[in-house]
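>>> Please work out how this folds:
(2 chains)
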Amino acid sequence: GENVEQHPSTLSVQEGDSAVIKCTYSDSASNYFPWYKQELGKRPQLIIDIRSNVGEKKDQRIAVTLNKTAKHFSLHITETQPEDSAVYFCAASSNDYKLSFGAGTTVTVRA
Amino acid sequence: GAGVSQSPSNKVTEKGKDVELRCDPISGHTALYWYRQRLGQGLEFLIYFQGNSAPDKSGLPSDRFSAERTGESVSTLTIQRTQQEDSAVYLCASSLWRDQPQHFGDGTRLSIL
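From the prediction side, this is the model:
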């Protein structure tokens, strides 16, 4: 089955700096890659997703890049703010529904 | 409702008891999913329902776990003879169709004493 690895497990950044989280996947048939943000005790919220027919997608301060050849994808958050502090999960799917999640990255934005 | 609704929000039970968790998907969403999230870990896929098609049960960890859904409505996840390793947050998600973004509920935090 699909195996998704996520790095780093924790990330501390100064407010205003950028944060980058990287994920690798094992199944070359994977074609859908969402990112979720989960605040403490809350539900995971979809923040951005990308399909394998594009290499990059942007939404305001958030962007995701995909390298199908290397089987990795990354989340980029620019101009970080305290409200960006949360756990971020990447996921991959090869069959349109079963998501395989990474272990999560705890992001702390220091004021 | 506006989002996926799960109940109860918290459940504490003794080892060996059966528990039933409920999920109300977003109205009109044909696909429904159950995931398990152990403390400090990512989400593990358990089961997927799509309309009246046969569910994908490949993620259920043992035969103590079962789930039902009638049509495109409420789903229940049942865990029989609970064990301490079943302690986790059980999250439900729904999507308009199988290849559409999944939207999660707040989860049920299950604690087995």
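
>>> residue ranges with poor pLDDT in the chain?
Using chain A. The model of chain A has no residue with pLDDT under 70.

>>> Not quite, go with chain B.
For chain B, the ranges with pLDDT under 70 are B:1.

>>> Could you list the contact residues of it toward chain A?
Residues of chain B lying near chain A by C-beta under 8 Å from any C-beta of the partner chain: B:4, B:31, B:33, B:35, B:40-45, B:48, B:50, B:56, B:58-59, B:91, B:95, B:98-99, B:101-107. In short, each C-beta sits where N, CA and C put it, glycine included.

>>> Those, buried ones only, as a ChimeraX selection?
A single ChimeraX command selects the buried members of the residues of chain B next to chain A (16 or more other C-beta atoms under 10 Å in any protein chain shown):
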select /B:4,31,33,35,42,43,44,45,48,50,56,59,91,95,98,102,103,104,105,106,107
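
>>> How many neighbouring residues does the closest residue to B:S5 other than its chain neighbours have?
In space, and not counting its chain neighbours, B:S5 is closest to B:D24: 4.1 Å by C-beta to C-beta, 6 or more residues apart in numbering or on different chains. Residues lying near B:D24 (other C-beta atoms under 10 Å in any protein chain shown) number 18.

>>> correct me, but B:D24 touches B:V4?
Yes. Here B:D24 lies in contact with B:V4, judged by C-beta atoms under 8 Å, at a distance of 6.9 Å.

>>> For the residue most central in space within chain B, name its beta-bridge partners.
Nearest to the mean C-alpha position of chain B, by C-alpha atoms, centre = their mean, lies B:W34 at 3.4 Å. B:W34 has the following beta-bridge partners by DSSP bridges: B:I47, B:C92.

>>> What's the separation between it and A:C23?
23 Å (C-beta to C-beta, to the nearest Å).

>>> List the residues that contact A:F101.
A:4, A:89-91, B:42-44 (C-beta atoms under 8 Å, 6 or more residues apart in numbering or on different chains).

>>> And the residue nearest to it when sequence neighbours are not counted, how far from A:V87?
The shortest distance from A:F101 to any non-neighbouring residue, by C-beta to C-beta, 6+ apart, is to B:G42 (3.7 Å). Using C-beta to C-beta, one gets 9 Å for the distance from B:G42 to A:V87.
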